[in-house]
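sequence plus predicted model, see below.
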Amino acid sequence: MRDLMGDMDKQYTMLKNKEIIVGITGGIAAYKTAELVRELSKRGANVHVVMTKNAMAFVTPLTFQTLSGNPVVHEMFELFAGSKIGHIALSDIADQMVIAPATANIIGKIANGIADDFLTTMVMATTVPILFVPSMNTKMWGSPMVEANIMKLKEAGYEVMEPESGDLACGTSGKGRMPRIEDVLEKMEDIFTEKDLINERVLVTAGPTTEYIDPVRCITNKSSGKMGYSIAKIAKRRGADVILITGKTYVAPPRTDMRIIEVETACEMRDAVMEHHRYCSIIIKAAAVADFKCKNETCQKMKKGDDNIVLLELEKNPDIIGELGKIKEQRILIGFAAETQNLFDHAAEKLKKKNLDIIVANDVSRSDIGFGSDSNEVTIIEATGGAKHVPMLSKDEIAHIILDAAKKALKKKKRVEEDWY
């Protein structure tokens, strides 16, 4: 089974030390839930698996007991710790519950208050958040009865993910595939995260830009986009409406439920930023935008020729963050300073020159925190004079700290504005 998360010591997670109930029902996608249980355990959660009778026809309880380290529950009247009734005992200790795969059958039962096995009975007994991860044939997913039951679940306060589209086990293609395990984990993290940015819209830029020399050659940089992607992901977890404008990168999109605009060149990024910035309260420019582009891009591939030296004439790209600094009004504008020397001085100079509210300085000469790393170490400098050094942490943790600073700065601006009026 592939490792989704890499070195978990470098990952920030809200799932650590949480008691998680994983309900498994009788669908072909039950085999995917083994990976979910494994990844939850790797994030430090204590996982308890509950299986329906039909689920055991697809995967044996032994598999999930091995992966979770806890006994698998499947008998209706199973007792825990002597006289404790199983479905009550588990629901009492749970912090969150996920049902994956959630078949049309289990969705219909719970939506209509039917409790005829251990899993459905426990759902009725629990008060913690419950996440449904649907998986079924595309015609079943589109059934009016299933749609009505999904609506009932949502109205009752349950969380329901959207299935993916693609090839299905029945041989057809369409909507009904169980969502990716990465997306299920992200939704579970989301449920545990405080929604303190619920009324904000955050624009984040990420990744490198690409400036073409000819149709096959280009000027770019080593940015992976990981820092910007972490900021976008954590902002979305915290309830913000997020717009992510990203250059081309090998990193998977941070979430499927945010607006993502893909660009290549600095000019394309500038156009996208200027189109959307006015609707945002916080702008975080984490992209590594190329400073220069070729003055004359050729339409055909340049031939190597016999010359040992080839001269490229470059011209400056638009200064996106400088332009934003002139028109930001009450928006919070945050920039990054990727430096190799004189970190604080260069960052402080950029903060003032670009009229930023906050600048995040990091040393890209270090291999352990530079481009492509899962960790970062930064100094956050505020226009009001404050500065904070943040030691090496995961980029998700750094993202939280940056967003905390943005929230604090926004609150100050709003307070000043209120006092003015």
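Good, I have the coordinates.

and residue 246, how many residues sit next to it?
Residues near residue 246, counting by other C-beta atoms under 10 Å, number 26. Any C-beta I mention is one placed from the backbone N, CA and C, and that applies to glycine too.

same check, this time on the one 3 residues further on
By other C-beta under 10 Å, the residues close to residue 249 number 18.

these two touch, right, it and residue 206?
Yes - with contact defined as C-beta atoms under 8 Å, residue 249 counts as touching residue 206 (7.4 Å).

report the set of residues contacting both of those two.
223, 225 (C-beta atoms under 8 Å, 6 or more residues apart in numbering).

mind listing what's buried in stretch 164-183?
168, 174, 175, 176, 177, 178, 179, 181, 182, 183 (16 or more other C-beta atoms under 10 Å).

return the member of these nearest to residue 226.
Nearest to residue 226 among these: residue 182, at 14.6 Å, using C-beta to C-beta.

correct me, but that closest one touches residue 252?
Yes - counting by C-beta under 8 Å, residue 252 is a contact partner of residue 182 at 7.3 Å.

what's the spacing between the host helix or strand of residue 174 and its chain's center?
Residue 174 is part of strand 173-177 when elements are defined by DSSP states H and E. In terms of C-alpha atoms, centre = their mean, to the nearest Å, the centre of strand 173-177 is found 23 Å from the chain centre.

quick one: strands adjacent to that strand?
strand 164-167 (antiparallel) (DSSP bridges).

so residue 236 is in which element?
helix 226-237.

now that helix: average pLDDT?
Averaged over helix 226-237, pLDDT sits at 97.

list the helices and strands that helix packs on?
helix 181-192, strand 201-206, strand 241-246, strand 282-285, helix 395-420 (3 or more C-beta pairs under 8 Å, 6 or more residues apart in numbering; DSSP states H and E).

mind putting the ones you listed into TSV with distance to residue 164 and mean pLDDT?
Listed next are the helices and strands packed on helix 226-237 as TSV, based on distance: least, C-beta to C-beta, whole Å; pLDDT from 0 to 100:
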stretch	distance to residue 164	mean pLDDT
helix 181-192	8	96
strand 201-206	24	98
strand 241-246	20	98
strand 282-285	29	98
helix 395-420	24	83
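
want to throw these into TSV with distance to residue 322?
Shown next, in TSV, are those (distance: least, C-beta to C-beta, whole Å):
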stretch	distance to residue 322
helix 181-192	34
strand 201-206	14
strand 241-246	17
strand 282-285	10
helix 395-420	19
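
looking at these, which is closest to residue 333?
strand 282-285 (5.2 Å).

given the closest one, what are its sheet partners and their directions?
For strand 282-285, sheet partners with direction are given as strand 201-206 (parallel), strand 332-339 (parallel), following DSSP bridges.

extract the C-alpha set from that strand and format it as PDB.
Extracted as PDB, the C-alpha positions of strand 282-285 are listed here (Å, rounded to 0.1, in the frame of the first residue of the first chain):
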ATOM      1  CA  ILE A 282      -6.600  38.800   2.600                       C
ATOM      2  CA  ILE A 283      -4.100  38.400  -0.200                       C
ATOM      3  CA  ILE A 284      -1.100  36.100   0.300                       C
ATOM      4  CA  LYS A 285       1.500  36.100  -2.500                       C
END
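
what does that strand contact?
200-205, 228, 231, 235, 240, 273, 277, 320-321, 324, 328, 331-336, 402, 406, 410.

and that strand, what's buried?
Quick answer for strand 282-285 (16+ other C-beta under 10 Å): 282, 283, 284, 285.

could you do stretch 232-252 as well?
Buried, per 16+ other C-beta under 10 Å, within stretch 232-252: 232-247, 249.

okay, domains of this structure per the record?
For the chain, the structural domains run 8-192, 201-420, going by automatic domain parsing.

which residue ranges of the stretch 301-421 of the chain form helices?
320-327, 343-353, 395-420 (DSSP state H, counting those that start in this stretch).

indicate which one of the ones you listed is closest to residue 38.
The closest of the helices of the stretch 301-421 of the chain to residue 38 is helix 395-420. By C-beta to C-beta, the value is 20.1 Å.

surely residue 216 and residue 303 touch.
No - with contact defined as C-beta under 8 Å, residue 216 does not reach residue 303; the gap is 11.6 Å.

thought residue 378 was touching residue 362?
Yes - when contacts are counted by C-beta under 8 Å, residue 378 is listed as touching residue 362 (4.7 Å).

those two: which has the busier surroundings?
Taking other C-beta under 10 Å, residue 378 and residue 362 do not tie; residue 378 has more neighbours (26 against 23).

could you give the bridge partners of that one?
Beta bridges link residue 378 to residue 362, residue 390, judged by DSSP bridges.

what about it, distance to residue 346?
From residue 378 over to residue 346 the distance is 14 Å, taken as C-beta to C-beta, to the nearest Å.
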